[in-house]
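Novice: this one's sequence-less:
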């Protein structure tokens, strides 16, 4: 039930592309190494006038890091230092023809992309829907490398999952976990809850059926983030509502399981399918309604969007830091 309002994501692309070594990583382990924590809430670690909503996993290709966000044609920004971001080239120049067959009335505003490296290529999953509707689809495009200076050629791979009823898991908000030779996708928003399905690494498409692991009954569960740490899988999910600027009520909860298909339980042993979930990040200071968590592979860093109280509630991205104690995570700016 995302009702994403005008997010000011149509800013003019800034000039000044950085030179790049255009190479494909052998593994996404090319990503950043962990830095020390920054818990100073008054000193933002992400600077520049770069609106951001539903940021993807931050990935590295060549010398740059890239993040993709909700917006027309899937906006992209890039950086070398995870702090100073520059507008880059959007993913699409035209809408793939298959989309309107699954989502009538869809325009060029894509939601909540995620990107991961497997099968010797970058795999980007993105959401197509219309406001307040369960008629949705997640699509896939792929590229051998991502480059701002040399250009990126994305190949359309069509639909991955779709939904057309509130009784189904809403086909938006993909989160991709690459776990050795296995790939999993968590997805969903309100309606029937959060689902997890295994992905065939060769095709990027589902294997078997999805399993509902959190929420349901049209409760406020969306924007899952599935990661693995040690022997546990962790499901981070947003509760509350987004997209209302400083009045947004998003906060992030977590549960863990020994299987990517659950059962995910919180610190008190309550299942995420029964209303459980340990809160790990909520509004604080100018950081209102944090949501849509991802983790940079191979690090203890991640990203969220939040609504900036100091900037009239406009959505921005911020780096967060994972810490662990007793097998449970906390998140800090």
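Specialist: Now that the structure is in, tell me what you want to look at. Just so it is clear, the structure is predicted and the values come from calculations on it, not from any experiment. Numbers count the residues shown, from 1 in each chain.
Novice: what mean pLDDT does stretch 121-130 get?
Specialist: Averaged across stretch 121-130, the pLDDT comes to 97.
Novice: helix or strand right after the host helix or strand of residue 324?
Specialist: When elements are assigned from DSSP states H and E, residue 324 belongs to strand 314-325. Remark: after strand 314-325, the chain's next helix or strand is strand 328-332, criterion DSSP H and E.
Novice: give me the buried positions along the strand holding residue 324.
Specialist: 314, 315, 316, 317, 318, 319, 320, 321, 322 (16 or more other CB atoms under 10 Å). Every C-beta, even on glycine, is put in place using the N, C-alpha and C of the backbone.
Novice: which among the residues you listed gets closest to residue 208?
Specialist: residue 322 (29.8 Å; CB to CB).
Novice: list the contacts of that closest one.
Specialist: Counting by CB atoms under 8 Å, 6 or more residues apart in numbering, residue 322 touches 229, 295, 300, 301, 302, 329, 330, 331.
Novice: avg pLDDT for the helix or strand containing residue 306?
Specialist: For residue 306, the enclosing helix or strand under DSSP H and E is strand 301-308. Throughout strand 301-308, pLDDT has a mean value of 95.
Novice: next: stretch 95-109.
Specialist: Here the average pLDDT along stretch 95-109 is 95.
Novice: what does it contact?
Specialist: 4, 70-73, 92, 128-130, 135-137, 139, 156, 158-159, 162.
Novice: can you give me the distance of the nearest residue to residue 323 once chain neighbours are set aside to residue 140?
Specialist: Distance criterion CB to CB, 6 or more residues apart in numbering; nearest residue to residue 323, sequence neighbours excluded, is residue 330 at 5.1 Å. Distance, residue 330 to residue 140, by CB to CB, to the nearest Å: 33 Å.
Novice: more neighbours: which of those two?
Specialist: Neighbours per residue, other CB atoms under 10 Å: of residue 330 and residue 140, the larger number sits with residue 140, 21 against 15.
Novice: who are the contact partners of residue 288?
Specialist: With CB under 8 Å, 6+ apart, residue 288 has these contacts: 245, 246, 248, 306, 307, 308, 309, 313.
Novice: please report which of these has the highest neighbour count.
Specialist: residue 306 (28 neighbours).
Novice: contacting residues for it?
Specialist: Residues in contact with residue 306 (CB under 8 Å, 6+ apart) are 287, 288, 289, 290, 291, 315, 316, 318.
Novice: what angle sits between the strand or helix carrying the fifth one and strand 314-325?
Specialist: Residue 291 belongs to strand 287-295 when elements are defined using DSSP H and E. Here the directions of strand 287-295 and strand 314-325 differ by 60 degrees (axes from the mean of the first three to the mean of the last three CA atoms, to 10 degrees).
Novice: give me the below-cutoff pLDDT ranges for this structure.
Specialist: Low-confidence segments of the chain (pLDDT under 70): 1-45, 47-50.
Novice: can you give me the strands in the stretch 51-200 of the chain?
Specialist: Assigned by DSSP state E, counting those that start in this stretch, the strands in the stretch 51-200 of the chain fall at 59-61, 64-68, 71-72, 76-79, 86-87, 109-118, 121-128, 136-143, 155-163, 175-179, 182-187, 194-199.
Novice: JSON lines for the ones you listed, including distance to residue 257?
Specialist: Below are the strands of the stretch 51-200 of the chain laid out as JSON lines (distance: least, CB to CB, whole Å):
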{"stretch": "strand 59-61", "distance to residue 257": "26"}
{"stretch": "strand 64-68", "distance to residue 257": "28"}
{"stretch": "strand 71-72", "distance to residue 257": "33"}
{"stretch": "strand 76-79", "distance to residue 257": "33"}
{"stretch": "strand 86-87", "distance to residue 257": "39"}
{"stretch": "strand 109-118", "distance to residue 257": "20"}
{"stretch": "strand 121-128", "distance to residue 257": "22"}
{"stretch": "strand 136-143", "distance to residue 257": "23"}
{"stretch": "strand 155-163", "distance to residue 257": "21"}
{"stretch": "strand 175-179", "distance to residue 257": "12"}
{"stretch": "strand 182-187", "distance to residue 257": "12"}
{"stretch": "strand 194-199", "distance to residue 257": "10"}
